[in-house]
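Colleague: Let's see this in three dimensions:
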Amino acid sequence: DLEELEIWYQQQKQAEYRREQRAEAWRKYTPSERVKSALAWLFMLSCYVVFCMLIVAYGRTFGNAKFGRLAAAWGGALATTFVLEEPLLITISHVVPWVLAGMASNDAVSVFVAEIWSSAIGKLISEVASWCRG
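Modeller: Numbering: from 1, shown residues only. Take a look at the predicted model:
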């Protein structure tokens, strides 16, 4: 039994060594940041081209009137995303940490937050969070 275990262990170590050797060989070929950026832009451009071709296919299939309504709906959705949602999310993601850091440095606010968290509201929030996590 001990010899079988030793053989198995040696095989596992050899397999791990071979995996490390393969990984080390690929680490030499890590692209530079400029290449990564170019590949990311190329991928995004190809997605844009594919979606443009999809729009043309929809336009040819639906006809002018129906596609006009579809394009207006897509345009409205895009405008909502780029004019309202994106700036709001960017602002929130930059303002909230700043506000929370200010609140954490203020002793009165820290005591107030601690009291709320230890109250029934805090317990309810904890219960909802644990329920959401499963």
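
Colleague: I'd like the next helix or strand past the helix ranked longest in the chain.
Modeller: Looking only at the chain and at elements set by DSSP state H, the helix with the highest residue count is helix 33-62. Along the chain past helix 33-62, the next helix or strand (assigned with DSSP states H and E) turns out to be helix 64-79.

Colleague: low-confidence ranges in this protein?
Modeller: 1, 134 (pLDDT under 70).

Colleague: Taking helix 64-79 as reference, get the angle to the longest helix of the chain.
Modeller: With axes from the mean of the first three to the mean of the last three CA atoms, to 10 degrees defining the directions, helix 33-62 sits at 150 degrees from helix 64-79.

Colleague: tell me which strands and helices helix 33-62 is in contact with?
Modeller: Other elements packing on helix 33-62 under the criterion 3 or more CB pairs under 8 Å, 6 or more residues apart in numbering; DSSP states H and E are helix 64-79. C-beta: built from backbone N, CA, C; applies to glycine.

Colleague: quick one: buried residues of the helix it packs on?
Modeller: When neighbours are counted by 16 or more other CB atoms under 10 Å, the buried residues of helix 64-79 are found to be Phe67.

Colleague: Residue numbering should commence at 25 henceforth.
Modeller: Taking 25 as the first residue, the last one we looked at is helix 88-103.

Colleague: Quick one: residues in contact with the helix or strand that comes right after that helix.
Modeller: Scanning forward in sequence from helix 88-103, with DSSP H and E defining helices and strands, the next element found is helix 110-129. Identification of contacts with helix 110-129 by CB atoms under 8 Å, 6 or more residues apart in numbering yields 133-134, 137.

Colleague: Next secondary structure element downstream of helix 110-129?
Modeller: Next along the chain from helix 110-129, counting by DSSP H and E, comes helix 131-142.

Colleague: any idea which helix or strand comes after that next one?
Modeller: From helix 131-142, the next helix or strand downstream (DSSP H and E) is helix 144-157.
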